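Asker: predicted model follows, preceded by the sequence.
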Amino acid sequence: MNTSVGTVKRGTFWHRVKQQKVLILMTIPFLAHVIIFRYVPIWGWLMAFQNYWPGKSIFQQTWVGFENFRLLFNDPVFYQVLRNTLAMSIIKLVFGTVSSIILALMLTEVRRIRFKKVVQTISYLPHFISWVVAANLVRDALSTDGGIVNEVLMKLRIIKEPIMFLGIPALFWWIIGASHVWKEVGWGAIIYLAAIAGIDPTLYESAMIDGAGRLKQIWYITLPSIRPTISVLLIMNLGWVLSSGFEQQYLLQNGRVIDYARVFTIYELDYGIKMMRYSFATAVGIFRSVVSIILVFSANQLAKRWGQERLV
Amino acid sequence: MKRRFWLLSLLLIIALAGTAFAEVKTFTVFTGEPLPDYPGSTIVGDIIEAETGVKLIWEPLVGDLETKVGLMIASGDYPDLVVAAHFTSLLKDAGALLPLNDLIEEHAPNLKRLYANHWEMLTQEDGNVYWLPIQAIPYGPDTSRYPSLGFFINKRVLKEAGWPTIKTLDEYFQLIEDYMAKHPTIDGEPTIGYLTLFDGWRSFATTNVPQHLMGYPNEGEFVPVMQGNRYVVTEYHTSPTAKQYYKKLNDMYNKGVVDKETFIMNYDQYIEKLSSGRVLGTFNQFWQIQEAQNYLLRDNPESIFVPLPIVIDPLVEERQRDIPYVQPTQGMGISIKCKDPVGAIKFLDYLIKEDTQRLLQWGIQGVHYEVDENGLYYRTPEQLELFRDPDWVQNVFGRPYFFNAFPSLRGLDENGNMFFPDTQPHLIYSDSTDSEKEVMDAYGVKSFSDLFNEPIFKKYFPLWTITMPAGSPAHIEETRMKDVLHRYVPELVMSSPDQFERIWENYVRDIKPLMVEQMKVYQEGIDWRMENW
């Protein structure tokens, strides 16, 4: 009996494989890509447990156990970095998501197609500029020596003297948040626009018949309909909370705000790679990866409990 | 038939091209500086290529040198010839450099001869030499028109004040303040009283100053002080002089003399502001402002910068000039990725010989310089004019591409001339621009270096060429200490005056514990040098 079940199962398995031959073949390159570029490098994690020195083979390295992690958790800078990374990530995540959704909602409400297209194009153009250029634009805009932000504020008589925005530590996180929103709002809105376009128009018709105005339609039809998209994107983005970018902070920082500007990637560079402490840098990387995985899975569980759309 | 003909001729072309290229060797070179792309053909470049059959491919530095070197080591991807400035020892520790001893012994008689004076300094603990520093001094030292560092002041200020002789920091700022009060704008743009450079690793231009105010030349982060008969490594970052200096900057910042943006501008912005001629004062090492000075000399000669020997107190003995020395801890090495190390060392051997160095510095005799009846070289006014134009020197003459980071010679040459035209003793004064001469005449000197006292010879000099072992506790401490400086110095200067004391106390509390390990390493290094050099 058992064997016959087995053969039947096996039969159906191979049968299925045969049926989906083309599809499977099509996925192979992507699978290979993931394995080669995402899984094979995990071997490098071994470095975190060594006192790695370049140019030596794995057998010649000295093994130090958890020493690098001990150093990491005993480093006061680490906690500062953790705070900055989380703060900036959350600011970027919250404001990035909210602004993108609002822009998407506003764009769908615009009836003039040409205006809508122009606004959309302009809003996502900054996404294609590299941070190297964008950071200089931000620096220029915020400069005290004729920067547009200070000029406008002074013309409006809101301030008397130019403010050195980039030199105020408490402002740094918000400058990062604001420049992120400026750069990514249009790009982020695209996916919500697509989700909104997929909503059944009859829902709006019936809502209209029931007497719902525009705002009520947005609140009761549009937002609930794109809720799955929002939650999936949020869960996915939570995986990046401990990354929070590199170029943006690196290029906008200066000595004055260093306590608020240093994020994990910069920390890995300054205290790891630049000092040839590759093992230490790897340990930091492992910490980030592990926390990210935990965050994504717990967010996923929460979404499940609340009956929301989930990732896994 | 026709097709076969085409095929044949194509093959022929390929074969010909192949032989033509085979004669030219190429080496990739990373010089650690952001040089623009090589113009393709320059006066010295073409001669060098014709004589050696070597074509160089420059890899420019983009961004931060430290990062670039770190990533180079992590990837193991090295150019054939590599210069990593103050990170050179990292390359050696990573096993990226070939030992040069045998190569030089067998293939490079000129290098052997001209670097002989410095061989002990260059020999590492394992008995090998891995890199060749710039500016070896084979025949004797030179003097120069400009000292290596100083508090620079705009010529306008001195001229208007009637060429005063000033000694202290207070007098220096008083002069600037007075001028600024009278001239709030220069050429229609707001006057900038004082600029201090604080961009990344270059921020030593701000944080090194206390040692100079105490009269020392550039030693680095610590100064060896003679106690009994031993040099004892001493810190100055929390000294009373440092406190007075930051307090002064704080006052000046709050009075609007120090530029508001000074702590958030980068090096390019700094040079741009200096070149505009509306900056009245800045402290720096001369090489960091030289680019701006060259532009001022050409376009705005009334606003050139004049270096002054400024100390904190008139009683301090000023010895800020340094004796010409070779930096033994950095230089050009041949990487393990180089396929033809013999060819590479032969190329460097060609570059270092006196004739090539003369070509790079003086040019071609009869075209770029002349020889007088005593055998001394000089330049005609037209020739001088050419070499004063930095664009011409770089893009037409081509010197930086074969000189800046390569093994090179300075000081006296074998026949009594100087390798560097601007240090030719009988020419330092006569080859100066009219604007420079005016200042020298006013102070009765023949070079700006003469405004400073004679340097004192110290065998170990300087301290900063001792480097921390990579990744060691002292190295980590150094990074942390620089973090503290980066954090506190802008705060000290930019805070309101009543906050200063409190910030200073916090600064001292935070920085003090971050010097212990470094001082141990430096002390060992100094002791070793005093014994072995």
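Answerer: Received, thanks. Please read all numbers here as calculations on a predicted model, not as lab measurements. Numbering: from 1, shown residues only, chains lettered A, B, ... in the order given.
Asker: rounded mean pLDDT for stretch B:318-328, please.
Answerer: Averaging pLDDT along stretch B:318-328 gives 87.
Asker: what's next to that stretch, contact-wise?
Answerer: By Cβ atoms under 8 Å, 6 or more residues apart in numbering or on different chains, the list of residues contacting stretch B:318-328 from outside reads B:118, B:121-122, B:133-137, B:141-142, B:147-150, B:167, B:212, B:215-218, B:309, B:311, B:410-411, B:449, B:452-458, B:461-462, B:465. C-beta coordinates here come from the backbone N, C-alpha and C atoms, glycine included.
Asker: in terms of secondary structure, what does the helix or strand containing residue A:30 contact?
Answerer: Element membership for residue A:30 (DSSP states H and E) is helix A:21-34. Applying 3 or more Cβ pairs under 8 Å, 6 or more residues apart in numbering or on different chains; DSSP states H and E, we find helix A:21-34 packed against no helix or strand.
Asker: just the C-alphas of it, formatted as CSV.
Answerer: C-alpha atoms of helix A:21-34 as CSV (Å, rounded to 0.1, in the frame of the first residue of the first chain):
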residue,chain,number,x,y,z
LYS,A,21,9.0,22.2,-17.7
VAL,A,22,9.1,25.6,-19.4
LEU,A,23,8.3,27.6,-16.3
ILE,A,24,10.9,25.7,-14.2
LEU,A,25,13.5,26.4,-16.9
MET,A,26,12.7,30.0,-16.8
THR,A,27,13.2,30.3,-13.1
ILE,A,28,16.6,28.6,-13.1
PRO,A,29,18.6,31.7,-14.0
PHE,A,30,17.0,33.6,-11.1
LEU,A,31,17.5,30.8,-8.7
ALA,A,32,21.1,30.6,-9.7
HIS,A,33,21.4,34.3,-9.3
VAL,A,34,20.0,34.1,-5.8
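Asker: now it, how far from the centre of its chain.
Answerer: 26 Å (Cα atoms, centre = their mean, to the nearest Å).
Asker: can you list contacts of the helix or strand just after that helix?
Answerer: Following helix A:21-34 in sequence order, the next helix or strand is strand A:50-51 (DSSP H and E). Under the criterion Cβ under 8 Å, 6+ apart, residues A:61, A:62, A:63, A:64, A:67, A:279 lie in contact with strand A:50-51.
Asker: now residue B:506. Nearest residue, chain neighbours left out?
Answerer: residue B:488 (7.4 Å; Cβ to Cβ, 6 or more residues apart in numbering or on different chains).
Asker: can you name the residue of chain A nearest chain B?
Answerer: Closest residue of chain A to chain B, Cβ to the nearest Cβ: residue A:255 (3.7 Å).
Asker: let's verify the nearest residue to that residue once chain neighbours are set aside: helix, strand, or coil?
Answerer: Excluding its sequence neighbours, the residue lying closest to residue A:255 (Cβ to Cβ, 6+ apart) is residue B:486, at 3.7 Å. Per DSSP: H, G, I helix; E, B strand; the rest coil, the secondary structure class of residue B:486 is helix.
Asker: contacting residues for residue B:486?
Answerer: Contacts for residue B:486 (Cβ under 8 Å, 6+ apart) come out as A:255, A:258, B:198, B:203.
Asker: in helices, which of those residues fall?
Answerer: By the criterion of DSSP state H, membership of the contacts of residue B:486 in helices covers residue A:258.
Asker: and which of the contacts of residue B:486 is nearest to residue B:83?
Answerer: residue B:203 (22.0 Å; Cβ to Cβ).
Asker: what about that closest one, how many residues nearby?
Answerer: Residue B:203 has 20 neighbouring residues, counting by other Cβ atoms under 10 Å in any protein chain shown.
Asker: now do residue B:459
Answerer: Neighbour number of residue B:459 under other Cβ under 10 Å is 11.
Asker: give me phi/psi at it?
Answerer: Main-chain torsions, residue B:459, degrees, to the nearest 10: phi -60, psi -40.
Asker: contact partners for it?
Answerer: Contacts of residue B:459 by Cβ under 8 Å, 6+ apart are B:529, B:530, B:533.
Asker: quick one, phi/psi of residue B:58?
Answerer: Dihedral pair for residue B:58: phi -90, psi 130, per degrees, to the nearest 10.
Asker: mind checking how far stretch B:472-482 is from the chain centre?
Answerer: For stretch B:472-482, the distance to the chain centre is 24 Å (Cα atoms, centre = their mean).
Asker: which residues in the stretch 51-200 of chain A form strands?
Answerer: Using DSSP state E, counting those that start in this stretch, the strands of the stretch 51-200 of chain A run over A:62-63.
Asker: how about the residues of it near chain B?
Answerer: Contact residues, the stretch 51-200 of chain A versus chain B (Cβ under 8 Å from any Cβ of the partner chain): A:53, A:54, A:55, A:77, A:143, A:144, A:145, A:162, A:164, A:166, A:167.
Asker: from memory the last one sits against residue B:262, does it?
Answerer: The reference is to residue A:167. No - using Cβ atoms under 8 Å as the test, residue A:167 is too far from residue B:262 to be in contact (10.0 Å).
Asker: and the residue lying closest to residue B:207 once chain neighbours are set aside, what does it touch?
Answerer: Of all residues not flanking residue B:207 in the chain, residue B:485 sits nearest, at 5.1 Å (Cβ to Cβ, 6+ apart). By Cβ under 8 Å, 6+ apart, residue B:485 lies in contact with A:255, B:203, B:207, B:237, B:511.
Asker: most neighbours, which of those residues?
Answerer: residue A:255 (24 neighbours).
Asker: tell me the spacing between that residue and residue A:179.
Answerer: Applying Cβ to Cβ, to the nearest Å, the value for residue A:255 to residue A:179 is 20 Å.
Asker: and for residue B:362?
Answerer: Distance from residue B:362 to residue A:179, by Cβ to Cβ: 51 Å.
Asker: do residue B:76 as well
Answerer: Distance, residue B:76 to residue A:179, by Cβ to Cβ: 36 Å.
Asker: for residue B:78, phi and psi?
Answerer: With angles defined as degrees, to the nearest 10, residue B:78 sits at phi -110, psi 150.
Asker: that one - how many residues pack around it?
Answerer: By other Cβ under 10 Å, the residues close to residue B:78 number 22.
Asker: kindly report the same for residue A:211.
Answerer: A count of nearby residues for residue A:211, using other Cβ under 10 Å, gives 7.
Asker: that one sits in which helix or strand?
Answerer: Assessed by DSSP H and E, residue A:211 sits outside every helix and strand.
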